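[1] No sequence on hand, only this structure:
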């Protein structure tokens with residue numbers, strides 16, 4: 001995550017991003033969607049867990065973060081933001097210049113969103129909208145056009161600490177403080193090395209991201225299904241078969257996840273995660289695939305496959321199998 005440090009001066013000074021910038025327009029797009037088989041889960045209730053043993057389904061399902069069960073939001077939001085920038089420039093006249101970003105530019109998007117009244121930053125460090133909950137993508141338009149500012153949002157977490165209690169790795173070390181090195185979203189997506197052994201059992205069957213702190217937020221009770229993202233849903237990513245994913249070659253990986261956020265993890269990172277998830281799933285049907293992965297020429301894959309096999313043997317012994 002060194003890019004955050006490299007771009008720090010730009011993040012705190014929009015003038016370095018767009019000289020002459022006078023306003024920042026912030027936007028949110030909801031990706032709230034029913035959980036298959038559960039509808040919209042009641043906030044605060046136990047998150048639905050996928051049973052992977054003796055399911056009779058013939059597959060070992062994994063878990064992908066909700067936001068990644070759609071086409072890549074960067075591409076989905078590109079066209080509407082580009083069109084909106086055109087309207088802003090038209091409103092401001094020929095001298096107006098504007099830039100737009102969707103989680104891609106050196107801007108403090110959550111801070112700008114709170115200052116613009118779009119929502120407030122919760123104790124889990126994510127933005128929470130009173131209308132949309134926290135299942136939202138953020139976009140920004142920096143412009144030289146001067147606009148009347150909206151009223152900043154005030155924090156409305158109150159005494160609630162559900163997100164802190166829900167974090168499986170205690171990555172939320174205190175209210176409004178996140179240690180990314182412990183966060184499963186960082187470890188399964190951005191991190192390229194060997195996942196620390198102490199965090200592997202806590203991953204469960206997650207292979208890309210983690211929603212636990214978002215799931216339990218009470219403000220989600222107001223979240224309706226996101227209309228913009230609905231047309232770009234990828235139902236095949238709701239419960240992907242882990243064994244099949246482990247056998248994907250590079251071409252198969254790119255074909256399966258083309259146009260989705262999962263490409264960010266890269267094939268090696270995803271297969272590493274799949275090995276851990278299969279070890280945690282405890283399903284003996286995974287052993288042949290893990291045996292093959294344990295001999296993989298990529299030492300990262302082989303190491304995690306061996307860990308998963310050892311975990312399977314341990315659980316098999318503990319259950320008397």
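    It's in. None of these values were measured; they are calculated from a predicted model. Residues are numbered from 1 along each chain as shown.
[2] how near is residue 85 to residue 21?
    From residue 85 across to residue 21, the span is 13 Å (C-beta to C-beta, to the nearest Å). Where C-beta positions appear, they are placed from N, C-alpha and C, glycine not excepted.
[3] Within the helices and strands, which one has the closest residue to residue 113 other than its chain neighbours?
    Of all residues not flanking residue 113 in the chain, residue 26 sits nearest, at 4.4 Å (C-beta to C-beta, 6 or more residues apart in numbering). Assigning secondary structure by DSSP states H and E places residue 26 in strand 23-30.
[4] Tell me the strands beside that strand, with direction?
    Neighbouring strands of strand 23-30 in its sheet, by DSSP bridges, are strand 136-143 (antiparallel).
[5] What segments of the stretch 201-321 of the chain are helices?
    212-215, 227-230, 242-246, 250-256, 266-281, 287-293, 299-318 (DSSP state H, counting those that start in this stretch).
[6] quick one: which of those is nearest residue 140?
    Judged by C-beta to C-beta, the one of those that comes nearest to residue 140 is helix 227-230, at 16.6 Å.
[7] and the closest one, what does it pack onto?
    Applying 3 or more C-beta pairs under 8 Å, 6 or more residues apart in numbering; DSSP states H and E, we find helix 227-230 packed against strand 23-30, helix 73-76.
[8] change it to 10 Å
    Packing partners of helix 227-230 (3 or more C-beta pairs under 10 Å, 6 or more residues apart in numbering; DSSP states H and E): strand 23-30, helix 73-76, strand 136-143.
[9] Out of the ones you listed, which is the most enclosed?
    Each of these was assessed for mean neighbour count using mean count of other C-beta atoms under 10 Å. The highest is strand 136-143, with a mean of 23.
[10] Heading C-terminal from that strand, find the next helix or strand.
    Counting by DSSP H and E, what follows strand 136-143 is helix 162-166.
[11] Packing partners of that following helix?
    Packing partners of helix 162-166 (3+ C-beta pairs under 10 Å, 6+ apart): strand 172-174, helix 212-215.
[12] Just send those back as JSON lines, with mean neighbour count and mean pLDDT too.
    Output for those, formatted as JSON lines (neighbours: other C-beta atoms under 10 Å; pLDDT from 0 to 100):
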{"stretch": "strand 172-174", "mean neighbour count": "15", "mean pLDDT": "98"}
{"stretch": "helix 212-215", "mean neighbour count": "23", "mean pLDDT": "96"}
